[in-house]
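Asker: sequence? don't have it. structure:
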C-alpha cells in the first residue's frame, strides 16, 4: 500500500536552497547526496537534472519508508535547521542523545553527518514500532 511519507514540496524546497544534496539525503539517496555535497551537484548539472527527477525520488521514498505518527518532513526540517542542538532527536524521543548534542554541537558535527545518512531509517523504525 502506498503511503505518502515524503513531500515533493519539501524536496523542491531543499533542491532550491543549494547544490549540497540535501534533497537527495531527504529522499534516502545518501551516496549521491554525498557526491552532490562534494561536487556542488556535479557542478550544477546533476542539480538541474534533479529538477525533473524529484517526483520519481519522492515516489520511491514513499514506497520504501514506513509511514506512521513520526513525520519525515518535520524530522528533516529539525535536522537541517536545528540539528546542532539535537532538535530532531528530541522530536523522535531520543532524549539522551538529544541532550548530548547541545553541549557538543551535534557530537562535534559527526552526529549530524551520521543523522543525514540515517534519519530516514531512524524515522521509519520509530514508525514501525508505533504499530
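Answerer: Ah, there it is. On a predicted model such as this, the values are computed, not experimentally measured, just so you know. Numbers count the residues shown, from 1 in each chain.

Asker: and the host helix or strand of residue 98, what's its mean pLDDT?
Answerer: Residue 98 belongs to helix 95-108 when assigned by DSSP states H and E. Helix 95-108 comes out with an average pLDDT of 96.

Asker: The most centrally placed residue in the chain: what's it in contact with?
Answerer: Among the residues of the chain, the one closest to the centroid is residue 26, at 3.4 Å (C-alpha atoms, centre = their mean). Residue 26 makes contact with 6, 10-11, 14, 61, 72, 76, 120 under the criterion C-beta atoms under 8 Å, 6 or more residues apart in numbering. Glycine gets a C-beta too; all of them are placed from N, C-alpha and C.

Asker: Secondary structure class of the closest residue to residue 120 other than its chain neighbours, three-state.
Answerer: Leaving aside its chain neighbours, residue 120 sits nearest to residue 28 (4.7 Å; criterion: C-beta to C-beta, 6 or more residues apart in numbering). Following DSSP: H, G, I helix; E, B strand; the rest coil, residue 28 is assigned to coil.
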